[in-house]
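*Asks:* Using only what follows, build the 3D model:
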Amino acid sequence: ALISSKIVARGNVREIYIDQRDILLEVMQKRAPYVVLSHNHPSNSCKPSVEDIVMTNRFATALNVVGSTLIEHLIICPNGTYYSFARDQRL
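*Replies:* Next comes the predicted model:
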């Protein structure tokens, strides 16, 4: 069951800064055992950037430290397509 949904950061068309502490705080407050992250790519390319991959790995590691598991990270594109880190076995 979904425990919570929250927007933790907003960016511009080129980049976004996400402080992983904000997400970790939310996860710990909700005592969430599993986490799904998502973000959009304003272009129609859902291919993860190097930064997307690094950020996903950082969050997965940090979540494990506090007893939670990152089970999915989705990149959503305006044309209705998406990229799934779990589907591509990157988690």
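
*Asks:* Pull the contacting residues for the nearest residue to Cys77 once chain neighbours are set aside.
*Replies:* Closest residue to Cys77 apart from its sequence neighbours, by CB to CB, 6 or more residues apart in numbering: Cys46 at 4.5 Å. Any C-beta I mention is one placed from the backbone N, CA and C, and that applies to glycine too. Cys46 sits next to Ile75, Ile76, Cys77, Thr81, Tyr82, Tyr83 when contact means CB atoms under 8 Å, 6 or more residues apart in numbering.

*Asks:* sec struct for Cys46, please.
*Replies:* When classified by DSSP: H, G, I helix; E, B strand; the rest coil, Cys46 comes out as coil.

*Asks:* chain center to the host helix or strand of Val36, what's the gap?
*Replies:* In the assignment (DSSP states H and E), Val36 maps to strand 34-40. Relative to its parent chain, strand 34-40 has a centroid offset of 4 Å by CA atoms, centre = their mean, to the nearest Å.

*Asks:* Can you point out the buried residues in that strand?
*Replies:* For strand 34-40, a neighbour-count test (16 or more other CB atoms under 10 Å) marks Val35, Leu37 as buried.

*Asks:* Sheet-wise, list the partners of that strand with their directions.
*Replies:* According to DSSP bridges, strand 34-40 forms sheet pairs with strand 69-76 (parallel).

*Asks:* ok, the spatially most central residue of the chain to Ala86 distance?
*Replies:* In the chain, the residue lying closest to the centroid (CA atoms, centre = their mean) is Leu37, at 2.8 Å. According to CB to CB, to the nearest Å, Leu37 stands 11 Å off from Ala86.

*Asks:* Between the two, which contacts overlap?
*Replies:* Common neighbours of Leu37 and Ala86 (CB under 8 Å, 6+ apart) are Glu72, His73.

*Asks:* how about the CA coordinates for the top helix by length along the chain, as PDB?
*Replies:* Looking across the chain with DSSP state H, the single longest helix is helix 50-65. The C-alpha trace of helix 50-65 is given here as PDB (Å, rounded to 0.1, in the frame of the first residue of the first chain):
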ATOM      1  CA  VAL A  50      25.200   9.400 -16.100                       C
ATOM      2  CA  GLU A  51      23.900  11.700 -13.300                       C
ATOM      3  CA  ASP A  52      20.600   9.700 -13.100                       C
ATOM      4  CA  ILE A  53      22.600   6.500 -12.700                       C
ATOM      5  CA  VAL A  54      24.900   7.900 -10.000                       C
ATOM      6  CA  MET A  55      22.100   9.500  -8.100                       C
ATOM      7  CA  THR A  56      20.100   6.300  -8.200                       C
ATOM      8  CA  ASN A  57      23.000   4.300  -6.800                       C
ATOM      9  CA  ARG A  58      23.700   6.900  -4.100                       C
ATOM     10  CA  PHE A  59      20.000   6.800  -3.000                       C
ATOM     11  CA  ALA A  60      19.900   3.000  -3.000                       C
ATOM     12  CA  THR A  61      23.000   2.900  -0.800                       C
ATOM     13  CA  ALA A  62      21.700   5.600   1.600                       C
ATOM     14  CA  LEU A  63      18.300   4.000   1.900                       C
ATOM     15  CA  ASN A  64      19.900   0.600   2.700                       C
ATOM     16  CA  VAL A  65      21.800   2.300   5.600                       C
END
